[in-house]
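**Q** Model the following, please.
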Amino acid sequence: MKYYLIAGERSGDLHASNLILALKNEDGDAHFRALGGEMMESAGAEIYRYYNEINYMGVWEVIKRLNIILKNLKACKSDILAHRPDVLILVDFGGFNMKIAKFAKENNIRTFYYISPKVWAWNTGRAYKIKQYVDRMFVILPFEKEFFKQFDYEVDYVGNPVNDSISQFRPDATLESYFNNLKGPIVAILPGSRSYEVDNMFSVIGEVIQKYLTYTFVVAAVDNLPKQQYESFKAQYPRVEIVYEKTYDILVHAQAAVVTSGTASLETALLNTPHMVVFKANLISYLVAKSVLKIKYVSLPNLIAGYEVVKEFLQYQFTPKIVGDHLEELLQDIETRNHQLEGYKKIKKILGDAGTAQKTAKLMYKYLTT
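**A** Residues are numbered from 1 along each chain as shown. As a prediction, this is how the structure comes out:
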């Protein structure tokens, strides 16, 4: 069968790549074409366009690039029609993918959605559009199944793909001596995979680095951003360590972490690293988000647990003093650390076992062949 996948960000690229590998096990004649990234390409997909050409987040950021986004949307629709897949698989990335889902419905192309847009966080009415346009939805958060039931829409809960990534992780033995030679407590800095997220993190964390001279700060860098962005920061703060594409290795050696909100927070929790979640957006994007969000928390550990497992410092709270003070708590206060570690245990119990990609692939293939 012919599969067409669309993933618009780094985490989606990872989860889609695992899904591709699992689908290959189910369908020996599978052919994959995708709008995605290098991980999907390595898994065997023919990449039509890379996601970093279309990935913009935030109201103001989207407005500034609206013409580019619309051109990419039109080109993607044309490519889908040209290849006419047996199924279109959309992976998260709600703003773009929901427009593609509507287009696919209008053109009688079967559509599956893996990792639901977070319609439960804002604009819950979009669930009706998902029900209208999407043939099967595969959700990764336990409460999402109940959420969609309100709209008389039956979805499949398949577990969380972050569990798959964590279960497959094996520490890089060549890095052991590197981390063992670092002085003082290691603090992991996970600044995100978007350029503006990294800039926002660096604008705050630099002052923290200058104040806490006995800590070693290790930045988890990613290859999809320019190296100059990291090198400029290190030139300004020589004490900082920059390590590329080894986020999990950094986290297992760190005593605490400062994490930009997103999938990375759940990864940090599942690796048992005490942390805080931070985020700062463009002012316009922040004000719009604040006015429409319907949830108490933004981080996945807190949403899954249903209470505050980790502290969230957003927008005006994301300051050097607040980050520095809580970092001391995370490193020195046993009660604070134990509170998080107990919360992590509950989250792991709620999420269940690994095998999300395999379970999803089996269900998808069953729905396609029966």
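
**Q** what's around Ala34, how many residues?
**A** 27 (other CB atoms under 10 Å). The way it works is simple: take the backbone N, C-alpha and C, and place the C-beta from them, glycine included.

**Q** Wait, a strand at it?
**A** Yes: applying DSSP: H, G, I helix; E, B strand; the rest coil, one finds Ala34 inside a strand.

**Q** Would you mind measuring from it to Val87?
**A** 13 Å (CB to CB, to the nearest Å).

**Q** least trustworthy helix or strand in this structure by mean pLDDT?
**A** Lowest on mean pLDDT, DSSP states H and E among the helices and strands of the chain sits helix 59-64, with a mean of 50.

**Q** follow-up on the earlier one: shared neighbours of Ala34 and Val87, which are they?
**A** Tyr4 (CB atoms under 8 Å, 6 or more residues apart in numbering).

**Q** Quick one: list the elements packing against the helix or strand just after the least confident helix or strand of the chain.
**A** The first helix or strand that comes after helix 59-64 along the chain, using DSSP states H and E, is helix 66-83. With contacts taken as 3 or more CB pairs under 8 Å, 6 or more residues apart in numbering; DSSP states H and E, helix 66-83 sits against strand 2-7, strand 31-36, strand 46-50, helix 94-106.

**Q** Run a quick check on Ser17 versus Ile47, I expect a contact.
**A** No: Ser17 is beyond contact range of Ile47, at 11.3 Å (criterion: CB atoms under 8 Å).

**Q** Now the common contact residues for those two.
**A** Joint contacts of Ser17 and Ile47 (CB under 8 Å, 6+ apart) are 36, 40.

**Q** of those two, who's got more company?
**A** Ser17 (24 against 16).

**Q** In three-state terms, label that one for me.
**A** Per three-state DSSP, Ser17 ends up helix.

**Q** ok, Pro301 - contacts?
**A** Applying CB under 8 Å, 6+ apart, the residues contacting Pro301 are 265-266, 269, 277, 309-310, 343-344, 347.

**Q** mind putting the helices and strands packed on helix 66-83 in a markdown table, distance to Leu225 and mean pLDDT included?
**A** As requested, those are arranged in a markdown table below (distance: least, CB to CB, whole Å; pLDDT from 0 to 100):
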| stretch | distance to Leu225 | mean pLDDT |
| --- | --- | --- |
| strand 2-7 | 17 | 98 |
| strand 31-36 | 17 | 97 |
| strand 46-50 | 13 | 94 |
| helix 94-106 | 20 | 94 |
